[in-house]
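S.K.: here is my input; please provide its structure:
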Amino acid sequence: MADVKQDIKPDEQQNFAVGNNSDPKNLQELTQYIQTLLQQAQDKFQTMSDQIITRLDEMGTRVDDLEKNISDLMTQAGVESSEK
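M.R.: Predicted coordinates:
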């Protein structure tokens, strides 16, 4: 099985830091801090989801090509395929 390369750089993994590194001091800052963390997490999940979908589409295309090549080889060899 082929190795799957990581598209996320090591310094980006689990890095949900907010612009300022100080702790939130009031409810408004805490709310903003949490919203920023959630937005960053959502963005990362969306990126990973898009990458997975792209890879699945590529895999589907490759499987279709493989099936066509096998069918062509069977035709050249004089073997009848058992299509449903």
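
S.K.: tell me where the model's unsure across this structure.
M.R.: Where the chain drops to pLDDT under 70, the residues are 1-22, 81-84.

S.K.: could you pull out the helices for it?
M.R.: With helices called from DSSP state H, the chain shows them at 27-77.

S.K.: can I get stretch 32-47 as CSV, trimmed to CA atoms?
M.R.: C-alpha atoms of stretch 32-47 as CSV (Å, rounded to 0.1, in the frame of the first residue of the first chain):
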residue,chain,number,x,y,z
GLN,A,32,-13.4,35.8,21.2
TYR,A,33,-10.6,33.4,22.1
ILE,A,34,-13.0,30.4,21.9
GLN,A,35,-14.6,31.5,18.7
THR,A,36,-11.1,31.9,17.1
LEU,A,37,-10.1,28.4,18.3
LEU,A,38,-13.3,26.9,16.9
GLN,A,39,-12.9,28.7,13.6
GLN,A,40,-9.3,27.5,13.3
ALA,A,41,-10.4,24.0,14.0
GLN,A,42,-13.2,24.2,11.5
ASP,A,43,-10.9,25.5,8.9
LYS,A,44,-8.4,22.7,9.4
PHE,A,45,-11.2,20.0,9.3
GLN,A,46,-12.5,21.6,6.1
THR,A,47,-9.0,21.5,4.6
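
S.K.: mind listing what's buried along it?
M.R.: 33, 44 (16 or more other CB atoms under 10 Å). For every residue, glycine as well, the C-beta is placed using N, CA and C.

S.K.: could you do stretch 52-62 as well?
M.R.: Buried-residue list, stretch 52-62, by 16+ other CB under 10 Å: empty.

S.K.: against residue 47, how distant is residue 53?
M.R.: 11 Å (CB to CB, to the nearest Å).

S.K.: repeat that for residue 55.
M.R.: Distance from residue 55 to residue 47, by CB to CB: 13 Å.
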